[in-house]
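K.L.:
sequence and predicted structure are below.
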Amino acid sequence: MLRNTPTRWTLGLALALSMSACGSLLPETKTHVPSAWKSYNEAHDAINKVVPFRTRRTDLGPLGFDPATNPNVIVLNYSDILRHFLPTPDTRLSIMDAGLKSCLSAASTCQGLSVDVSDETRERHGEFWQDFLNFRRDTHVTGWRFNAIILLKEDVVVYRTWGGAPLLERDEYTHNPLGPIQNIGERVPRPL
């Protein structure tokens, strides 16, 4: 007979956990990249207020595109811009937007701003023990993602482009028949 109360409590908890699916014990992860916008629509509205050949650098701050106040705005130098818009030597300039051509021909006076923000929630579903022991993991992902590039020539916006996903929703399934020992080879240190 078990007289020790902590032992009874431990066994009772183990029995309760093993008898239920324990889905509520599965982890939930939220990835939020801080930004000036709370949704894809807010970010999209902000980029739509950026008008090539009219918007100035000073106008970008209140819209959320200031690298000094938004940690997700990256300053692109001319080399970064070339790598992004002219990935190969045979890229044809003739089919490019006039503002983009203007910036590329300006060389050192061409500068860019790049932003990539997202808000994702990852919620695990399924049976606790299968997930805990790494046999099966079912994750439901929801959220949004937004990215944009703004090119400036002498402090005037000459080009802008954006993209992203206003609504992210996907399911990720992982099945490991060997459970906790599935990836053991990756964790074993190799001799030098």
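P.N.:
Nice, thanks for sending it over.

K.L.:
isn't residue 142 up against residue 121?
P.N.:
Yes - contact status for residue 142 versus residue 121: in contact at 5.3 Å, counting by CB atoms under 8 Å. C-betas here are computed from N, CA, C, even on glycine.

K.L.:
so where is this structure shaky, pLDDT-wise?
P.N.:
1-34, 87-88, 90-94, 130-131, 179, 183-192 (pLDDT under 70).

K.L.:
show me where it has helices.
P.N.:
Along the chain, the segments classed as helices by DSSP state H run 5-19, 40-48, 57-63, 78-85, 98-106, 128-132, 184-187.

K.L.:
any idea how many residues pack against the closest residue to residue 156 other than its chain neighbours?
P.N.:
The shortest distance from residue 156 to any non-neighbouring residue, by CB to CB, 6 or more residues apart in numbering, is to residue 56 (5.8 Å). Other residues near residue 56 number 11, with proximity taken as other CB atoms under 10 Å.

K.L.:
residue contacts, residue 56?
P.N.:
With contact set as CB atoms under 8 Å, 6 or more residues apart in numbering, residue 56 has these partners: 155, 156, 157.

K.L.:
so the second one sits against residue 58, correct?
P.N.:
Right, the one you point to is residue 156. No - taking contacts as CB under 8 Å, residue 156 lies outside contact range of residue 58: 10.5 Å.

K.L.:
which of the two has more neighbours?
P.N.:
In terms of neighbours (other CB under 10 Å), residue 156 is the more surrounded of residue 156 and residue 58; the figures are 16 against 9.

K.L.:
kindly list the longest strand within the protein.
P.N.:
strand 156-175 (DSSP state E).

K.L.:
who does that one touch, helix- and strand-wise?
P.N.:
With contacts defined as 3 or more CB pairs under 8 Å, 6 or more residues apart in numbering; DSSP states H and E, the packing partners of strand 156-175 are helix 40-48, helix 57-63, helix 98-106, strand 136-153.
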